[in-house]
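# Fold the following for me, if possible:
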Amino acid sequence: IVLADEPTANLDSETGGQLLEMMRKFNEELKMTFVFSTHDPQIMERAKRLITLTDGRIVSDELK
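This next block holds a predicted model:
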């Protein structure tokens with residue numbers, strides 16, 4: 001399991017996209033699990049499961 005706090009926050013969009021693609025491949029090919037904390041809609045769109053927190057409480061939990 002890989003925990004990533006804002007993994008693309010300080011990257012340009014091209015490098016951030018490459019990182020997300022690499023993580024997607026690791027997930028599919030190696031069955032690695034990634035847990036992200038993010039405010040980035042690009043990451044949220046790619047997620048298989050999205051848990052949204054507000055003030056430290058879960059307000060939604062959806063599978064895509």
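
# By mean pLDDT, point me to the weakest helix or strand of this structure.
The helix or strand of the chain with the lowest confidence, counting by mean pLDDT, DSSP states H and E, is helix 41-46 at a mean of 86.

# quick one: that one to chain centroid distance?
Between the centre of helix 41-46 and the centre of its chain there are 7 Å (C-alpha atoms, centre = their mean, to the nearest Å).

# How about it, which residues are buried there?
For helix 41-46, the neighbour count (16 or more other C-beta atoms under 10 Å) marks I43, R46 as buried. (Glycine included, C-beta is placed from N, CA and C.)

# Could you name the helices and strands sitting against it?
helix 13-30 (3 or more C-beta pairs under 8 Å, 6 or more residues apart in numbering; DSSP states H and E).

# Which residues does the helix it packs on contact?
With contacts defined as C-beta atoms under 8 Å, 6 or more residues apart in numbering, helix 13-30 is touched by V2, P7, T8, L11, M32, T33, F34, D40, Q42, I43, R46.

# what's the third one in contact with, if anything?
This means T8. By C-beta under 8 Å, 6+ apart, T8 lies in contact with T15, G16, L19, L20, T38, D40, Q42, I43.

# Please report how far K25 lies from L19.
11 Å (C-beta to C-beta, to the nearest Å).

# Oh, that last question was meant for D40, not what I typed.
11 Å.

# Ok, D5 next?
14 Å.

# Also F36?
Where L19 is concerned, F36 sits at a distance of 11 Å (C-beta to C-beta).

# the more surrounded of these two?
F36 (19 against 15; other C-beta atoms under 10 Å).

# The more buried one falls within a helix, correct?
No: read with DSSP: H, G, I helix; E, B strand; the rest coil, F36 is strand and lies in no helix.
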